[in-house]
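**Student:** I would like to see how this sequence folds:
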Amino acid sequence: MPANTSALSITFRSDLDLLIVRWLRDVKKSELQEGYAQVLQAAIQHQAAYWLVDSRRRFKSNPEMVDWLAQEYLPELSPALDNRPIYLACLVGATWQPGNAPATPLAVLAQSSSMASKDEYHVQLFSDEGVATSWLQQMAPK
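**Tutor:** A predicted model of the protein is given here:
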């Protein structure tokens with residue numbers, strides 16, 4: 001069942017076992033936290049370990065948002081989903097270049113090798129939704 005707000009759309013695709021999260025605009029830290037709390041609830045409801053996070057409509061980030069994601073939110077995902085690793089494909093604009101433009105908190109983390117891949121979660125950047133979906137499907141156990 002989709003969940004939508006003015007800032008966020010959450011849809012679970014049971015045919016792909018994929019949670020699709022679309023940020024619809026830039027958000028403040030409190031909205032980011034509320035939105036990701038809703039995402040976690042949807043993931044728990046569907047036992048979804050494969051997430052497509054569309055950040056193409058967002059441009060702003062700040063160190064507080066990045067720290068919150070890295071230190072608080074991402075580490076709680078795997079324990080909330082029966083200690084399964086979580087795979088996050090983060091979509092950015094096709095013309096976006098690392099270091100040359102502002103990035104969303106998840107994109108910032110994906111650029112940091114120490115934060116992009118842990119035992120509990122894996123974050124990868126993509127500019128093409130089809131390629132991102134393929135990567136998530138490849139990560140799923142056969």
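
**Student:** Could you use CA atoms for every contact and neighbour count after this?
**Tutor:** Will do.

**Student:** what does the helix of greatest length in the chain contact?
**Tutor:** Scanning the chain for the helix with the most residues, using DSSP state H, yields helix 29-46. Identification of contacts with helix 29-46 by C-alpha atoms under 8 Å, 6 or more residues apart in numbering yields 7-8, 10, 12, 19, 21, 48-49, 64-65, 77, 80-81.

**Student:** ok, and for that helix, which residues are buried?
**Tutor:** Residues of helix 29-46 classed as buried: Leu32, Gln33, Gly35, Tyr36, Gln38, Val39, Leu40, Ala42, Ala43, His46 (neighbour count, 16 or more other C-alpha atoms under 10 Å).

**Student:** for this protein, what spans make up the strands?
**Tutor:** Here the chain has its strands, by DSSP state E, at 3-4, 8-13, 18-23, 50-54, 86-91, 121-126.

**Student:** Let me have these in CSV, extended by mean neighbour count.
**Tutor:** Output for those, formatted as CSV (neighbours: other C-alpha atoms under 10 Å):
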stretch, mean neighbour count
strand 3-4, 14
strand 8-13, 19
strand 18-23, 22
strand 50-54, 23
strand 86-91, 24
strand 121-126, 20
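
**Student:** Which one of the ones you listed lies nearest to Trp135?
**Tutor:** Trp135 lies closest, by C-alpha to C-alpha, to one member of these: strand 86-91, at 7.8 Å.

**Student:** Geometric centre of this structure: which residue is closest?
**Tutor:** The centroid of the chain falls nearest to Val53 when counting by C-alpha atoms, centre = their mean (4.0 Å).

**Student:** mind checking how far that residue is from Gln33?
**Tutor:** Distance of Val53 to Gln33, computed by C-alpha to C-alpha, to the nearest Å: 15 Å.
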